[in-house]
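Visitor: Please find the sequence and the predicted model below.
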Amino acid sequence: MPDVILVTGGHGLVGNAIRHVLESEPPNTRYGRRDGETWVFASSREADLRNAEATKALFAKYKPTHVIHLAALVGGLFMNMKYKLSMLRDNININDNVLHTSHETGVRKVVSCLSTCVFPDGIEPPLREDKIHLGPPHESNFGYAHAKRLVDIANHAYKEEFGSNFTAAIPTNIYGPYDNFDLEDSHVIPGLIHKCYLAKKNGTPFTVAGTGKPLRQFVYSYDLAKMFIWQLREYDDVEPIIFSVGENEDVSIRYVAEQIVEAFDFKGEVKFDTSKSDGQFRKPASNEKLLRLVRETSKDNEEFTFTPFEKGLKDSVDWFVKNYDNARIGQIKRGQVVSV
Ligand code: NAP
Ligand code: GDP
């Protein structure tokens, strides 16, 4: 029986990156598509996963043996601040439907996607996999963070009650082609790429929210895609794994803005709107577990290599400019996925 891998949220930033890596790596290699695998990339148009019947119908149609569960109501700091209940309810419903339908239909393995938002605010750095439940998350995103934490709880409960092979990844901030480039609700990199594009086009200032001082670890979506493919094929444990660059490789929002300015060759004024929130100042996460396991499970102690931030960012800017007419702008405004 061939393996059928269903990727929920398959048309988003990470889903498209997984598809790209599978297709661009040589076949039958660590990250390339393998014989005997069928990959299905589902979108919300095919099934609204907040709805249990729609979720069951999707699983009945494709009969997945494995699931990479990416679908989520997701956005940056300002979306998390505005839509706390939607972020909580939609994500709880989506996650419960996907995990329970996987359980009921005998899916052999599920890899879900959390976020470093799940970690307690103010916990002693670095963030590590065993610190998720040691205190409340940051108040700016508590709806989204609690919904994501519950996936880890559910994974442990499914394992203890039924012996299920459900696990999760915990990525830091992700960026790359196919992102959501909304001006208000997106994450910082796609939001600033779009803002700088418009500032250059219209001859207006390029305005960055907040002070520019907070620090973030950014992981390129094509690197992250390899981590998901590795986790699906080579990691069988319920405990989640942080997917990130090194804990000391975080960069300031100001640096991000400067790199975007350089990528666009923008010559206008750059402003910082300090009336806007900075969110958490820093949340350095350790990738020690990831790097050790990727190395240990390779044939010849192969180290995971990351795309340099400046290159990933330039490629993302170039992708956005080239694909401007079709780039995704907004999720919540399309009216498809927010709770009513
Ligand atoms: P994304 O581009 O917005 O992709 C999420 C996808 O989820 C969307 O493509 C959307 O499908 C789908 N979706 C949303 N609501 C749905 C629903 N009710 N039913 C079915 N599908 C639904 O975001 P992403 O960055 O790739 O996110 C992938 C995963 O990474 C998420 O679990 C997110 O929480 C996590 N994550 C993201 C970041 C980041 O910085 N981006 C950081 C940490 C963790 P359609 O496009 O078809 O509507
Ligand atoms: P977070 O890591 O969960 O906080 O997610 P974001 O990707 O939204 O990053 C938020 C940080 O970037 C905060 O320090 C914001 O003040 C800063 N920032 C600057 N400009 C923007 C913007 O246009 N959009 C977003 N989302 N954040 C911005």
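Guide: Looks like it arrived, so ask away. Ligands and ions are numbered 1, 2, ... in the order given.
Visitor: and the closest residue to ligand 1 within the chain, how many neighbours does it have?
Guide: Distance from ligand 1 to each residue of the chain (Cβ to the nearest ligand atom) is smallest for residue 12, at 2.1 Å. From N, CA and C alone the C-beta is placed, and that goes for glycine too. Burial of residue 12, expressed as a neighbour count using other Cβ atoms under 10 Å, amounts to 24.
Visitor: Excluding chain neighbours, what is closest to it?
Guide: residue 70 (6.4 Å; Cβ to Cβ, 6 or more residues apart in numbering).
Visitor: tell me, how many neighbours does that neighbour end up with?
Guide: The number of residues packed near residue 70 is 25, by other Cβ under 10 Å.
Visitor: One more: residue 135?
Guide: A count of nearby residues for residue 135, using other Cβ under 10 Å, gives 11.
Visitor: now swap in residue 215 and tell me
Guide: Residue 215 sits with 16 neighbouring residues when counted by other Cβ under 10 Å.
Visitor: Distance of it relative to residue 255?
Guide: Using Cβ to Cβ, to the nearest Å, we find residue 215 at a distance of 9 Å from residue 255.
Visitor: again, but for residue 178
Guide: 23 Å.
Visitor: Between the two, which has more neighbouring residues?
Guide: residue 178 (23 against 15).
Visitor: For the more buried one, which non-adjacent residue is spatially closest?
Guide: Once chain neighbours are set aside, the closest to residue 178 by Cβ to Cβ, 6+ apart is residue 16, at 3.8 Å.
Visitor: Around the one you found, count how many other residues there are.
Guide: The tally of other residues near residue 16 (other Cβ under 10 Å) stands at 22.
Visitor: Pretty sure residue 68 sits in a strand.
Guide: Yes. The secondary structure assignment for residue 68 places it in a strand, going by DSSP: H, G, I helix; E, B strand; the rest coil.
Visitor: okay, and for this protein, where does confidence drop off?
Guide: Judged by pLDDT under 70, the chain has its weakly predicted residues at 330-340.
Visitor: quick one: furthest residue from the center of it?
Guide: Distance from the C-alpha centroid of the chain, by Cα atoms, centre = their mean, peaks at residue 203 (32.7 Å).
Visitor: who are the neighbours in contact with that one?
Guide: For residue 203, the contacting residues are residue 268, by Cβ atoms under 8 Å, 6 or more residues apart in numbering.
Visitor: swap the cut-off to 10 Å and go again
Guide: Residues near residue 203 by Cβ atoms under 10 Å, 6 or more residues apart in numbering: 267-268.
Visitor: Around ligand 2, which positions in the stretch 1-150 of the chain sit nearby?
Guide: Remark: the part of the stretch 1-150 of the chain in contact with ligand 2 comprises 76-78, 117, using Cβ under 6 Å from any ligand atom.
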